[in-house]
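Peer 1: dropping a prediction and its sequence here:
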Amino acid sequence: MDVLLGDGIFNADGELWRKQRKTASFEFASKNLRDFSTIVFREYSLKLSSILSQACKTGKVVDMQELFMRMTLDSICKVGFGVEIGTLSPDLPENSFAQAFDAANIIVTLRFIDPLWRLKKLLRVGSEALLEQSIKLVDEFTYSVIRRRKAEIVQARASGKQEKIKHDILSRFIELGEAGVDNDNGGGISLFGDDKGLRDVVLNFVIAGRDTTATTLSWFTYMAMTHPPVAEKLRRELAAFESDRAREEGISLIPFFSDSDGPENQSSFAARVAQFAALLTYDGLGKLTYLHACVTETLRLYPAVPQDPKGVAEDDVLPDGTKVKAGGMVTYVPYSMGRMEYNWGPDAGCFRPERWIGEDGGFRNASPFKFTAFQAGPRICLGKDSAYLQMKMALAILFRFYRFEILEGHPVKYRMMTILSMAHGLKVRVSRAPALV
Ligand code: HEM
């Protein structure tokens, strides 16, 4: 994985990992990044909504997985690099960075099952030749953004306008590198101080945060479509939230109408969606307990990282007595663990978000060693809260205002890859949901 991930957090162990983890955990908990992400996630969820609104009018079939992939890539590039790559524009353009990034991700993953990859690399043919080209393109793009951000920071300081420094993860790590934060103990490891280190840090976040979130959104949409009572209950939670929040803010909601209404109502529909989105603040999203339960239930049955292999560093004995040898591998399998009756009871195979709701009506959490979609222990996912924030923002808008129906005969199957995506995408017809209030 080195060619893609370099020394970034996923690929690093020991001291190099520890320092990145410490700095990144601190940054992820910061209010600045949280506020910036909330704005970005809202903006891109609204872009997705306007594409769906158009599809309602034309009756065009859309592939939700493709749209979610575009939305999460655009969002993570904005949050990660401060760059607008625009793959979610209305005409759904191709983007060379996005294509190269996807190709590199797939080819590197396929190395695990391709015994000839080293030979292909040596001869620079086939998939390895494409990988080399793709990485070159990804690197050119990333390094040019790094140079741009560095220049902006220098300029902002020179003009005494610190507030002009952007809030994206890259700008933050450039500042941290300059301050020598990653080299605090004089351990000789400075990752954020040079462009290669910055490239690794940022690309690891893009890889971590993109496909995982997009596939979860796809499985969620599929679960909601195939469980109408859940979708209905969710719609009611969202409508009630909307009227409560509007009352708190003292605003009156713009009426919206069904698909058959005239063009004048199209703009009032868009205005109402934007009005609802503005109510979806960080704290507001925290109140959507049923939505939170639905996302968690989706991840229990369809964990974005379905299996997670680890190398064995030293001979060891697992708690059940199994001996493992240094150099071997141990894999824990969230996909299976999420479906075991031993863990979840006799209805383990059923999609039932209510299992996550406590007697007091609040969200009832489970130990990460039981619900393992985000890993557990020191290497637990760093972006979990950010992922929920983005997913809840998008889903609140989508399930408040739209209804989805799967295209007749469309096969939904998972693909055997590192990330649990849908092999044939998620083709749906979309229409406007009834107003309810
Ligand atoms: C539904 C969404 C997500 C799921 C299911 C998920 C799942 C996971 C899992 C299973 C790991 C452990 C990998 C390992 O064992 O090495 C992990 C690690 C990580 N995740 Fe996530 N993730 C999600 C979203 C995100 C997002 C949005 C970000 C950041 C923007 C992120 C950042 C990270 C990072 C930085 C690590 C590495 C932590 C470390 O090695 O110390 N994740 N994630």
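Peer 2: Looks like it arrived, so ask away.

Peer 1: all the strands of the chain, residue numbers only.
Peer 2: 62-63, 308-311, 316-317, 323-324, 329-332, 402-406, 427-432 (DSSP state E).

Peer 1: who wins for proximity to the ligand among those?
Peer 2: strand 308-311 (4.6 Å; C-beta to the nearest ligand atom). Using the backbone N, CA and C atoms, a C-beta is placed for each residue, glycine as well.

Peer 1: now do the buried residues in stretch 134-151.
Peer 2: Neighbour counts over stretch 134-151 (16 or more other C-beta atoms under 10 Å) mark Ser134, Ile135, Leu137, Val138, Asp139, Phe141, Thr142, Val145, Ile146, Arg149, Lys150 as buried.

Peer 1: let me have the strands of the chain in TSV, extended by distance to the ligand, mean neighbour count and mean pLDDT.
Peer 2: Shown next, in TSV, are the strands of the chain (distance: least, C-beta to the nearest ligand atom, whole Å; neighbours: other C-beta atoms under 10 Å; pLDDT from 0 to 100):
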stretch	distance to the ligand	mean neighbour count	mean pLDDT
strand 62-63	19	19	98
strand 308-311	5	12	92
strand 316-317	17	11	96
strand 323-324	17	12	97
strand 329-332	9	11	94
strand 402-406	20	17	96
strand 427-432	20	20	96
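
Peer 1: out of these, which gets nearest to Arg355?
Peer 2: Distance to Arg355, taken as C-beta to C-beta, is lowest for strand 329-332 among the strands of the chain, at 21.4 Å.

Peer 1: contact partners of that closest one?
Peer 2: Gln307, Asp308, Pro309, Lys310, Gly311, Val312, Leu318, Val324, Thr372 (C-beta atoms under 8 Å, 6 or more residues apart in numbering).

Peer 1: any idea how many residues pack against whichever residue of the stretch 51-200 of the chain sits closest to the ligand?
Peer 2: Per C-beta to the nearest ligand atom, the residue of the stretch 51-200 of the chain with the smallest distance to the ligand is Ile76, at 6.3 Å. By the criterion of other C-beta atoms under 10 Å, Ile76 has 27 neighbours.

Peer 1: contacts only, for it.
Peer 2: Ile76 touches Phe205, Val206, Gly209, Arg210, counting by C-beta under 8 Å, 6+ apart.

Peer 1: any idea how far the second one lies from Gly8?
Peer 2: Val206 sits at a distance of 10 Å from Gly8 (criterion: C-beta to C-beta, to the nearest Å).

Peer 1: what parts of the stretch 101-250 of the chain come near the ligand?
Peer 2: Neighbours of the ligand within the stretch 101-250 of the chain, by C-beta under 6 Å from any ligand atom: Phe205, Ala208, Gly209, Thr212, Thr213, Thr216.

Peer 1: will you turn the residues you listed into TSV that also has neighbour count and pLDDT?
Peer 2: Shown next, in TSV, are those (neighbours: other C-beta atoms under 10 Å; pLDDT from 0 to 100):
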residue	neighbour count	pLDDT
Phe205	25	90
Ala208	22	90
Gly209	23	89
Thr212	25	96
Thr213	26	98
Thr216	26	98
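
Peer 1: chain center to stretch 319-335: distance?
Peer 2: Stretch 319-335 has its C-alpha centroid displaced from the chain centroid by 28 Å (C-alpha atoms, centre = their mean, to the nearest Å).

Peer 1: stretch 128-137 too?
Peer 2: Distance, stretch centre to chain centre, for stretch 128-137: 25 Å (C-alpha atoms, centre = their mean).

Peer 1: residue of the chain with the smallest distance to the ligand?
Peer 2: For the chain, C-beta to the nearest ligand atom, closest residue to the ligand: Gly383, 2.0 Å.

Peer 1: report the contact partners of Ser96.
Peer 2: Shown in contact with Ser96 (C-beta under 8 Å, 6+ apart): Leu137, Phe141.

Peer 1: go on, Leu407?
Peer 2: Counting by C-beta under 8 Å, 6+ apart, Leu407 has contacts Val61, Lys427, Val428, Arg429.
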